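Chemist: The sequence and its predicted three-dimensional model are supplied below.
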Amino acid sequence: MIKEALVEKPPREEVGLLEWLKRNLFSTWYNTLLTFVSLAFLFFVGRAIIVWALHTARWEVVTTNIKVFMIGRYPASEAWRVLASLGVILLLTALTWVFRKLRGRPIRQWLILGWLLSFPLIGVLLRGFSEQNLFLPLVSSRVWSGLLLTLVLAIVGITASFPLGLILALGRRSKLPVIKILCTIYIETIRGVPLISVLFMSQLMLPLFLPPHIRLSTVMRALTGITLFSAAYTAENVRGGLASVPVGQYEAARSLGLSNVLMMVLIVLPQALRAVIPAIVGQFISLFKDTTLVVIVGLLDLLGVAKAVTGQRQFIGLHQEVYFFVALLFFIFCSLMSRGSRRLERSLGVGER
Amino acid sequence: MGKVRTHKSVAIVPFWRDIRVLRILAQLAFLMVVIAILLWAISNYRARGLIFGYSFLSKEASFDLAEGIPFKPTDSYARAFLVGVVNTVRVAVIGIILATLLGLVTGIARLSRNWLLRKIATVYIEIIRNTPLLVQLFFLYFAVIMKLPRLSRAIVLAGPVYISNRGVVIPWLRLAESFRLWWPFLLLAAAWAGVLIVIRRRTIRRVGRPGINLLWVFSCLIAVPVLGWLLIPGNPLRFDLPDLVTRSGGVITVDGGVTLSSEFTAILTGLVIYTAAFIAEVVRAGIQSVPKGQAEAARAQGFTNRQILRLIVLPQALRVIIPPLISQYLNLTKNSSLAIAIGFLDLYAVSQTMLNQSGRVVEVFLMIMGSYLAISLTISLIMNIINKRIQIVER
């Protein structure tokens, strides 16, 4: 501490506006040229966008359909259930945020329990019981659509793929050749093919290999595909985390007499998983973007709903406005998440300890 | 405890607690579970009265494919699949080349000393990386290309290049009749240049200095074909320039040149713009990974700016760049399957049609998987050879 205090940082340079301009935009003749070309480019692109956004574009296609984009064909009378689910998530997030600094055991455990319980709770809330139920009538997953479906696919996909990916990663590091080879084949095959082909498999092929009395809805089938696909990527991320745990940790655990299972659960996994969290968040972001592919197998996620909206009779041909709006929504979500993940990375101190 | 254990007690361990036996048993059990699940799935498949087989491939496809190598409805399913594979490879190869160029330029722009250029590159990368590729493709196809003017009012760029909602028509270089007299000259030039390069390498290894300037190699590569051009009668190459023609009945079409269909233009542009943003980040990280001290040390030793870039920074940056670049190339290839969403007839789209016609779900699915795995493996094989050549040799 004392040493650090003694080393003085160099004073920050104060630069005037003219000096800054000269340094950053007009330092050499080709820099000046680049600046003018960039300015011209910005001027024309910017003018085109402003004229389009304020003058040409008919934004009523977005404003009238805003509810459609959010929940799609989910019955309007039951929309409060979506809001309630959102409320549960926001409440839990807020509580986690408030108590993040508290290392007090009980409250943390309650929070984890709350998060675990929120999944079935939201599932029941969204789906309901039976058609006759007065309070929560059935809303079949067939009518889940819009941003709601996108979020369900991404969140359930990443959550369900995590345990599977963990098992696959451990299997790939196993010393037993049969298990290792089978896990490796699975991971490498899935990573070698596009997501759309896995989705296609889950939509068309999976029903053929199940007994006739098991009928999965299209959403369930898409979720299966996304989970199977995502698990292979999770496995590789987790494997990276496992490799980052020093060998000494394994040896120390063994010399304390821990069994293989205890060594994994108590010593290795807690360290490995902490190192993996940023990578998993990154994977979640790309999965969130990739869920749009369910459009191709006929589901109505945010993009699917947008495609349907461009076919509405009074708004026909307004592709620019609709797809711009969808892209903007995705942009906001993804940038927020990647900014959050960068903060998380810093607060976890991965790579520092 | 006081007893001395003899090695006999080792043998007393019963076989069901022997770690070697347990390992084999665990693997056998795992294998049995996997096989049981597979058998169960296959029995369900059989119970539906479905039979696995590839005999349908030689049957008549009876659908038409408008894109790629010649195909008529009387051709077989196998040929239809080949059309799809060729289209995918075409998009992937051209896409990889263009995305690398755009990515390189953007990556360098992000490190530019010009503040404005740096910001433009950053905004481009952020927008592209934070929106789904499929949304970009939809926007590009439905909101941009489909909204372009009709062919009769096509936008004409210098070349001439005709841009319309039917695609892009570009001029193309075609071989003329007298090319068969010219190609021996091309061969001669290539052989000569090859010999010069071999000699040059040998002198470098022997003396440590190139005896032949590279300029000689280039000039022979240019001089010999030009000489041939002057000697042979006629023009071996001709520019095939596109032109708008009004057919009978007032239908306007394009004659000559090469037409890139609007679907091909959309998928290629979309993939290039998307992948280039990722490649730009790879390039930036690679260049930044070379410590500043390296360039400073080189400058202290009197290297010129160009030499520093060519001899010090780039070789070290490339080592960092190539491995993530390989995975970007693989991503581009896999992402080309999104072409189906805008109707480009790639491997996946053709397979969908085959599947709807023949009903052979599992067979077609295995063909799709096999093709993508084969293409991915080829790309990573080629790139790994390059990677091995530039990686540092450990002392």
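Modeler: That came through fine.

Chemist: and the spatially closest residue to residue B:223 that is not a sequence neighbour, what helix or strand is that in?
Modeler: With Cβ to Cβ, 6 or more residues apart in numbering or on different chains as the criterion, residue B:223 has its nearest non-adjacent residue at 7.9 Å, and that residue is residue B:189. For glycine as for every other residue, the C-beta is placed from the backbone atoms N, C-alpha and C. When elements are assigned from DSSP states H and E, residue B:189 belongs to helix B:179-207.

Chemist: Any regions of the stretch 1-150 of chain A where pLDDT drops low?
Modeler: A:1-8, A:100-105 (pLDDT under 70).

Chemist: Could you tell me which residues of it lie near chain B?
Modeler: Applying Cβ under 8 Å from any Cβ of the partner chain, one finds that the stretch 1-150 of chain A approaches chain B through A:24-25, A:27, A:31, A:34-35, A:38-39, A:41-42.

Chemist: now do the stretch 201-350 of chain A
Modeler: Neighbours of chain B within the stretch 201-350 of chain A, by Cβ under 8 Å from any Cβ: A:201, A:204-205, A:208-212, A:289-290, A:292-293, A:295-296, A:303, A:306-307, A:310, A:319-320, A:323-324, A:326-327, A:330-331, A:334-335, A:338.

Chemist: re the thing from before, buried among the residues of the stretch 1-150 of chain A next to chain B? Need that as a selection in ChimeraX.
Modeler: Buried subset of the residues of the stretch 1-150 of chain A next to chain B, written as a ChimeraX selection, criterion 16 or more other Cβ atoms under 10 Å in any protein chain shown:
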select /A:24,25,31,34,35,38
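
Chemist: CSV for the residues of the stretch 1-150 of chain A next to chain B, including secondary structure?
Modeler: CSV is the format used below for those (DSSP: H, G, I helix; E, B strand; the rest coil):
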residue, secondary structure
A:24, helix
A:25, coil
A:27, coil
A:31, helix
A:34, helix
A:35, helix
A:38, helix
A:39, helix
A:41, helix
A:42, helix
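
Chemist: and which of the residues of the stretch 1-150 of chain A next to chain B is nearest residue B:144?
Modeler: residue A:41 (17.8 Å; Cβ to Cβ).

Chemist: Would you mind listing the residues in contact with that closest one?
Modeler: residue B:120 (Cβ atoms under 8 Å, 6 or more residues apart in numbering or on different chains).

Chemist: Nearest residue to residue B:54 in space, please, no chain neighbours.
Modeler: Using Cβ to Cβ, 6+ apart, the nearest residue to residue B:54 is residue B:363, at 5.9 Å.

Chemist: give me the number of residues near that neighbour?
Modeler: 18 (other Cβ atoms under 10 Å in any protein chain shown).

Chemist: do the same with residue A:294
Modeler: 28.

Chemist: just the helices in the stretch 1-150 of chain B please.
Modeler: Secondary structure of the stretch 1-150 of chain B (DSSP state H, counting those that start in this stretch): helices located at B:8-12, B:19-47, B:77-110, B:115-129, B:133-138.

Chemist: deepest of the ones you listed, which one?
Modeler: Per residue and on average, the most neighbours among the helices of the stretch 1-150 of chain B fall to helix B:133-138, with a mean of 24 (mean count of other Cβ atoms under 10 Å in any protein chain shown).

Chemist: for that helix, packing partners?
Modeler: helix A:302-309, helix A:319-348, helix B:262-288 (3 or more Cβ pairs under 8 Å, 6 or more residues apart in numbering or on different chains; DSSP states H and E).

Chemist: Which neighbours in the sheet does the following helix or strand past that helix have, and how are they oriented?
Modeler: The first helix or strand that comes after helix B:133-138 along the chain, using DSSP H and E, is strand B:155-157. Paired neighbours of strand B:155-157 in the sheet (DSSP bridges): strand B:161-164 (antiparallel).

Chemist: can you give me how far the strand it pairs with is from the chain middle?
Modeler: With Cα atoms, centre = their mean, to the nearest Å as the basis, strand B:161-164 stands 25 Å off its chain's centre.

Chemist: ok, and for it, which residues are buried?
Modeler: Those would be B:162-164, for strand B:161-164 by 16+ other Cβ under 10 Å.

Chemist: how about that strand as PDB, C-alpha atoms only?
Modeler: What follows is strand B:161-164, C-alpha atoms only, in PDB (Å, rounded to 0.1, in the frame of the first residue of the first chain):
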ATOM      1  CA  VAL B 161     -23.300  -2.600 -63.300                       C
ATOM      2  CA  TYR B 162     -27.100  -2.800 -63.300                       C
ATOM      3  CA  ILE B 163     -28.700  -2.900 -59.800                       C
ATOM      4  CA  SER B 164     -32.400  -3.700 -59.600                       C
END
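
Chemist: Quick one: mean pLDDT for it?
Modeler: Mean pLDDT, computed over strand B:161-164, is 87.

Chemist: The helix or strand that it is followed by - contacts with which helices or strands?
Modeler: Using DSSP H and E, the helix or strand that follows strand B:161-164 in sequence is strand B:167-170. Helices and strands touching strand B:167-170, by 3+ Cβ pairs under 8 Å, 6+ apart, are strand B:161-164, strand B:258-261, helix B:262-288.

Chemist: returning to what we had before: out of the residues of the stretch 201-350 of chain A next to chain B, which are buried?
Modeler: Among those, those buried by neighbour count (16+ other Cβ under 10 Å) are A:201, A:204-205, A:209, A:289-290, A:292-293, A:295-296, A:303, A:306-307, A:310, A:319-320, A:323-324, A:326-327, A:330-331, A:334-335.

Chemist: what's the burial count for the closest residue to residue A:127 other than its chain neighbours?
Modeler: Of all residues not flanking residue A:127 in the chain, residue A:139 sits nearest, at 6.2 Å (Cβ to Cβ, 6+ apart). Counted by other Cβ under 10 Å, the residues lying close to residue A:139 total 19.

Chemist: do the same with residue A:280
Modeler: When neighbours are counted by other Cβ under 10 Å, residue A:280 comes out with 21.

Chemist: any idea how far chain A is from the residue nearest to residue B:223?
Modeler: 35 Å (Cβ to the nearest Cβ, to the nearest Å).

Chemist: Tell me which residues touch that residue, please.
Modeler: By Cβ under 8 Å, 6+ apart, residue B:189 lies in contact with B:220-221, B:223-225.

Chemist: Out of the residues you listed, the closest to chain A would be?
Modeler: Chain A lies nearest to residue B:221 out of those, by Cβ to the nearest Cβ, at 30.2 Å.

Chemist: element containing that closest one, please.
Modeler: For residue B:221, the host element (DSSP H and E) is helix B:214-231.

Chemist: helices or strands next to the helix or strand just after that helix in the packing?
Modeler: As assigned by DSSP H and E, the chain's next helix or strand after helix B:214-231 is strand B:237-240. When contacts are defined as 3+ Cβ pairs under 8 Å, 6+ apart, strand B:237-240 packs onto strand B:172-175.

Chemist: Okay, now the sheet partners of the strand it packs on, with direction.
Modeler: In its sheet, and by DSSP bridges, strand B:172-175 pairs with strand B:237-240 (antiparallel).

Chemist: how big is the angle separating the helix holding residue B:189 from helix B:214-231?
Modeler: Relative orientation of helix B:179-207 with respect to helix B:214-231: 160 degrees, computed using axes from the mean of the first three to the mean of the last three Cα atoms, to 10 degrees.

Chemist: Any buried residues in helix B:179-207, and which?
Modeler: Neighbour counts over helix B:179-207 (16+ other Cβ under 10 Å) mark B:179, B:182, B:185, B:189, B:192-193, B:196, B:200 as buried.

Chemist: can you put these in TSV and add pLDDT?
Modeler: Formatted as TSV, these follow (pLDDT from 0 to 100):
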residue	pLDDT
B:179	79
B:182	81
B:185	84
B:189	86
B:192	86
B:193	85
B:196	85
B:200	82
